[in-house]
Every structure is written in structure tokens, then in C-alpha cells.
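*Asks:* sharing a sequence plus its predicted fold:
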Amino acid sequence: MTVRVGVLGATGAVGQRLIQLLDPHPDFEIAALTASESSAGESYRDAAKWRVEAPIPEDVADITVGATTPDAVPDDVDLIFSSLPSSVGAEVEPEFCEAGYVVSSNSSNGRMDEDVPLTIPEVNADHVDLIEVQRDERGWDGALLKNPNCSTITMVPPLAALDDAFDVTDVRVSTLQAVSGAGYSGVSSMEIIDNAIPHIGGEEQKMETESRKLLGSFDGAEVELNDMDVAASCNRIATLDGHLENVWADTAEDVSVDDVEAAMESVTGVDLPSSPERLITVFDEPDRPQPRLDRNVEDGMGVAVGGFRETTDGVQFNCLAHNTMRGAAGASVLNGELLAQRGYI
């Protein structure tokens, strides 16, 4: 069955990645695009300053962009992907859910709400059933599902493998995040060239809270946060794409590098079109992964790890993922596939 989909915020950086992934998708058909009022009524070709390395899809380029309101989207659209700024998403996404649309959202608003599932399908697919609680409490015919922050989604899959095998108690992470994570106009060249910025507003808190929700347990009624302690320091550097992170994880059980590598290598994808066959790619080289070399592992949907070192209380490792593919647009598409598989569309 073909699922008709719409994209909210289709002209932005993540919106363009969504178009890139959805246009050739085997199960999804793009049926509606929305943007700001200034772009409404224009063709997508004219409204979007296309910056993706692949050409703009011809069958999408002539779609007329609509306003970001439920009445501007056809009733026969089955699934909405949202890449709105969080301030806009907080207002608009519930309106779409009230109108009966199912929304897979990359926006940061609502991720930690008790009745909003936050999922990485390879890690906590069962949390999607929190939608049943959400619908009961909010009276929605639609539903809202979130993917995590791009820095969180880089760290959590290897951390989940480590936690399953050795019981992680404490996590410290320092990030080296690409400029694309701030959007096309987010960081000026005068700020970032010959520089590193040791603060990204709100990013530390997102990593510290979202990771515990993703790794928490769902009992059918609520998600109990994982009790590990997480502390993050987030830094912007002058790479285009790919968030590199240095992670120190303390474990309740003794670990060895060989055992940690084996635990991470054993992680596989799930039966969804956008999930890679190998979720985590392990490098033995001490200087890998690197953003320029490794951000496109598994077509940008994998997580690369390496630099393993035993510490007094656990292990240190480095991890990397493509922040606008696995960390944003690809994560939303994968969650949309999960919604379809679980019968929520």
C-alpha cells in the first residue's frame, strides 16, 4: 500500500533532506508540502533554495507549496513529516494531530512530554505504543511521534549495546558538532572559521534527558527513565556534516575492549526500509571515525564507532553519525515507517 505523505517546513535544510529521502521511497508518496506564509502559493522549485548535493526531484519541484495549517493539507494524506522550528512546531503539530493527522516529527518541542513517544526504532520501537496513552489523554484521532536530537541519536545506539551487555551507570560525552546542525544560516563564517564554539544552546540538556528516555522502560502506560547519570558538553566545529562525539561510559560490570566491540558489532537493523543492515560500524583504527571519511556509513543511516580504550570504571569510545540524515530527516522517515508497520496510519 502506498502511503501519501506531507512535509511541514519543506523548504528548510531538514525539509530538503526529507524530500531527498521520500521521493524515491518504496512505500511513501509525497502529496503535500508546506512552508511559511511567504512561500505559500509558489512552486517548490521557486520556494526552496535547494542546497542538497543531489538535484531537486522533478516530480516534486512543481508541487505548489501550501501554508502550514491542517486545512491546507488534503484529507487523504496519511502521514505528516515535520521539520518545523520548535517554536512553530509546539503550536502547529498539535493542531494537525487534533485534525486527525499522524505526525512524525524532528522538531525538539514535546520530546520529553510524558505521553509523547521518543523513538529510535532499532533501540526502543516498543515505546511507539505510548501513542495509545496519548490518544486517550488528549482525545486525538491523530498522533505525534518524535525522533531525538541529532547529537543524542549519535550516542544512544552504541550506548544501548553497551548498557544491554554491561549495565551503564554513568556517561560523560563531549561533542564536536557540524555546522549543518544549526541550519544553513545558523552559524556565520566569521564565527566558525579558525574557531570552535564550546557551547550550543540547549544541546547539553537534550542529550542528558533524551538519552535516558530512549533507554528507559515502557510498561504500557508510561516510560520510566533510565537511571544512568548523563553529563554532556557540546561544541560546534567547522565540519559541514557529521557529529563526532567522545564518550566515557562507566559500567557496573567489568569490560574489555574486545567484549565492547563484539557487543556493538552484534547490533543489527530492523525490518524497515530505511534501517541499515548494520546499525553500528566498528573501526579498529585509533583515529577513526572521522566526519569526512565516515559520516556516510550505511548511506548516512549508520553509526560509526572506534577509538576504544578501557578506563578505570568502564570504557571510552568515539562515535559519529550524519546529523541531517541519521540524526534528523532519516530518523523521521524511519519513525514514519515504524508507524506504518505498527498500524498507526
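*Replies:* Yes, it's here.
*Asks:* show me where the stretch 101-250 of the chain has helices.
*Replies:* Secondary structure of the stretch 101-250 of the chain by DSSP state H, counting those that start in this stretch: the helices cover 121-124, 130-138, 150-166, 189-192, 203-214.
*Asks:* how far out from the middle of the chain is the last one?
*Replies:* Centroid separation between helix 203-214 and its chain, computed with Cα atoms, centre = their mean, to the nearest Å, is 13 Å.
*Asks:* for it, what is the average pLDDT?
*Replies:* Averaging pLDDT along helix 203-214 yields 98.
*Asks:* buried set for that helix?
*Replies:* 203-204, 206-214 (16 or more other Cβ atoms under 10 Å). No exception for glycine: its C-beta is placed from N, CA and C like everyone else's.
*Asks:* before we move on, back to that, need the helices of the stretch 101-250 of the chain in CSV (columns: distance to residue 182).
*Replies:* Formatted as CSV, those follow (distance: least, Cβ to Cβ, whole Å):
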stretch, distance to residue 182
helix 121-124, 25
helix 130-138, 30
helix 150-166, 10
helix 189-192, 9
helix 203-214, 10
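*Asks:* tell me the most buried of these?
*Replies:* Most buried of the helices of the stretch 101-250 of the chain, by mean neighbour count (mean count of other Cβ atoms under 10 Å): helix 150-166, with a mean of 24.
*Asks:* can I get that helix as PDB, trimmed to CA atoms?
*Replies:* Provided in PDB are the C-alpha atoms of helix 150-166 (Å, rounded to 0.1, in the frame of the first residue of the first chain):
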ATOM      1  CA  CYS A 150      20.900  14.700  16.200                       C
ATOM      2  CA  SER A 151      23.600  14.600  18.900                       C
ATOM      3  CA  THR A 152      21.600  12.200  21.100                       C
ATOM      4  CA  ILE A 153      20.900   9.800  18.200                       C
ATOM      5  CA  THR A 154      24.600   9.500  17.500                       C
ATOM      6  CA  MET A 155      25.400   8.300  21.000                       C
ATOM      7  CA  VAL A 156      22.400   6.300  22.000                       C
ATOM      8  CA  PRO A 157      22.700   3.200  19.700                       C
ATOM      9  CA  PRO A 158      26.300   2.300  20.900                       C
ATOM     10  CA  LEU A 159      25.300   3.200  24.400                       C
ATOM     11  CA  ALA A 160      22.300   0.900  24.200                       C
ATOM     12  CA  ALA A 161      24.500  -2.000  23.100                       C
ATOM     13  CA  LEU A 162      26.900  -1.300  26.000                       C
ATOM     14  CA  ASP A 163      24.100  -1.000  28.500                       C
ATOM     15  CA  ASP A 164      22.500  -4.200  27.500                       C
ATOM     16  CA  ALA A 165      25.700  -6.100  27.900                       C
ATOM     17  CA  PHE A 166      27.400  -4.400  30.900                       C
END
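*Asks:* just want the angle from it to helix 203-214.
*Replies:* With axes from the mean of the first three to the mean of the last three Cα atoms, to 10 degrees as the basis, helix 150-166 and helix 203-214 are set at 40 degrees to each other.
*Asks:* helices or strands up against helix 150-166?
*Replies:* Counting contacts by 3 or more Cβ pairs under 8 Å, 6 or more residues apart in numbering; DSSP states H and E, helix 150-166 is packed against helix 121-124, strand 168-177, helix 203-214, strand 243-251, helix 257-265, strand 280-282, strand 303-310, strand 314-321.
*Asks:* run the angle between the second one and helix 203-214 for me.
*Replies:* Spelled out, that is strand 168-177. In terms of direction (the same axes, to 10 degrees), strand 168-177 departs from helix 203-214 by 140 degrees.
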